[in-house]
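A.B. asks: I need the structure of the sequence given here:
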Amino acid sequence: MRISYILIAVFFVWCIISSQWYLFGVKGLLIDPAHFSPHETTMGIVEVLVMLLVTVLIGFGIAWYLRQTSIDEKSANINAGRMERAELLKRIQESEGQAERMELKLARSQQTFKADFQTLEAEKEKLKSEVELEKREALRSGEELQALRPKVQLADVELGRIAFQMKQLENQLAETKEGNEKLASQLEVARTAKSVRKEPVFSDFIAGQQLAGAEIAEKHKDDLKHISGIGPVIEKKLNGLGIYTFRQISEFTPQIIDHVTSSIKFFPARIGRDNWIGQAAALARHRK
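C.D. replies: Residues are numbered from 1 along each chain as shown. You can find the predicted model right below:
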């Protein structure tokens, strides 16, 4: 504001100096009253005023134009600012809406996370209890396994022994089967040849006929003590019944076994338990 006043004062001073220069320097008016001309002075003053008025109007127009240009620029800036402000307000509103939606989404996510976390904690506790239970079960199973290990070892030993016995029984069964086959073939040969038997058959013994020891030659007698279960005493009793050879014992029938058992009066079922028939058959085959 102070600069405006200074500029106005400078303008008035310039106007006075310019008018004085125009009146006295250009127009040639005289200050002397004797040569004063009212008409020329009036016309000079009017011309000065017109020039000043034109100058003022031109200055005013220039000032108005410059000010209007500034005003238009400012108005354009204001309008642009308003538009930017409106756009900014719109963006702020959209951001606030997005923020509200994000807050709602975050709240739902927090609730979901809390529920999931509680579920996971429950599952964690459940798994922990299951792991503890499995550990106890594994420990108990290990203890039971340690307790069963000696039994398993004993069972393995027993199985080995049973397998060995079964192998022996299979061998004995094979030998017995082989002996039976040979006996069957010999019996078939004996039946077809209808040869006279050198040794008495036990059918005669069962019929009550006493077999005399003289009927069997000395070279046909066998050492019956080679059969497991027959000692000197039992051998003597068997000889007393007319039984001298392995072949006779191998041909024992159930009736003969009952008769011999009741005659020599030893432990019942000993003939079958000690397998006299099988042993006698095997010894008879080796004797041949």
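
A.B. asks: report the mean confidence score over the helix or strand hosting residue 51.
C.D. replies: Remark: residue 51 resides in helix 38-193, with elements defined by DSSP states H and E. Taken as a whole, helix 38-193 has an average pLDDT of 81.

A.B. asks: what of stretch 250-258?
C.D. replies: Averaging pLDDT along stretch 250-258 gives 89.

A.B. asks: can we start the residue count at 52 from this point?
C.D. replies: I'll keep to 52 as the first residue from here, and by that count the last item is stretch 301-309.

A.B. asks: list the buried residues in it.
C.D. replies: Neighbour-count burial for stretch 301-309 flags 301-303, 307-308 (criterion: 16 or more other Cβ atoms under 10 Å). Quick note: C-beta positions are derived from backbone N, CA and C, even for glycine.

A.B. asks: now swap in stretch 286-294 and tell me
C.D. replies: 286, 288-289, 292-294.

A.B. asks: can you check stretch 154-162 too?
C.D. replies: Taking 16+ other Cβ under 10 Å as the criterion, stretch 154-162 shows none as buried.

A.B. asks: CA atoms of that stretch as PDB?
C.D. replies: The C-alpha coordinates for stretch 154-162 follow below in PDB (Å, rounded to 0.1, in the frame of the first residue of the first chain):
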ATOM      1  CA  GLU A 154     -11.200 -52.000   8.900                       C
ATOM      2  CA  LEU A 155     -14.300 -54.200   8.500                       C
ATOM      3  CA  LYS A 156     -12.200 -56.700   6.600                       C
ATOM      4  CA  LEU A 157      -9.500 -56.500   9.200                       C
ATOM      5  CA  ALA A 158     -12.000 -57.000  12.000                       C
ATOM      6  CA  ARG A 159     -13.400 -60.100  10.200                       C
ATOM      7  CA  SER A 160      -9.900 -61.300   9.600                       C
ATOM      8  CA  GLN A 161      -9.100 -60.800  13.200                       C
ATOM      9  CA  GLN A 162     -12.200 -62.800  14.300                       C
END
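
A.B. asks: out of the buried residues of stretch 286-294, which are inside helices?
C.D. replies: Here DSSP state H is the test, and those give 286, 288-289 as lying in helices.
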